[in-house]
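Novice: no sequence for this one, just the structure:
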C-alpha cells in the first residue's frame, strides 16, 4: 500500500524512452532500422543521432506545438483526423 508513485516534473511532459523524449528517440530508432535493412546499423544510428540533435535544437527555438501545426499545414493530418486540442492554424489572435 505504500508504493511510491512517480509523477513527471511537468504535467504535460512527454513520455521518455531511455534518455530521450519519444519524439527525439524516433529518428534514432528509424535510423537503426534503416541501417539494419541496408546492412550498416552503426551508420544508421549515427545518422539518427545527428537528426535527433538537429530536431531538438529546432524544437527548442520554436513555440510549443509548432511541428504539429507544420504536419497539419503540409496535409499529413486531414480535417477529419484533426487533433481536437489543436487550434486552427488560421487563427491569428485570441480574444478573451
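Specialist: Arrived safely. Given the structure is predicted, the values throughout are model-derived calculations rather than measurements. Residues are numbered from 1 along each chain as shown.

Novice: Can you tell me the element the most centrally placed residue in the chain falls in?
Specialist: Note on the chain: the residue nearest the mean C-alpha position is residue 23, at 2.8 Å, using CA atoms, centre = their mean. Secondary structure from DSSP states H and E places residue 23 in helix 22-38.

Novice: same for the helix or strand following that helix, what does it pack against?
Specialist: Later in the chain than helix 22-38, the nearest helix or strand by DSSP H and E is helix 41-61. Contact analysis of helix 41-61 by 3 or more CB pairs under 8 Å, 6 or more residues apart in numbering; DSSP states H and E lists helix 22-38 as its packing neighbours. Every residue, glycine included, has its C-beta placed from N, CA and C.

Novice: what's the angle from the helix it packs on to helix 41-61?
Specialist: 160 degrees (axes from the mean of the first three to the mean of the last three CA atoms, to 10 degrees).

Novice: Buried ones in helix 22-38, by neighbour count?
Specialist: Residues 24, 25, 26, 27, 28, 29, 31, 32, 34, 35 are the ones in helix 22-38 that count as buried (16 or more other CB atoms under 10 Å).

Novice: could you say what helices and strands that helix packs with?
Specialist: Based on contacts counted as 3+ CB pairs under 8 Å, 6+ apart, the elements that helix 22-38 packs against are helix 41-61.
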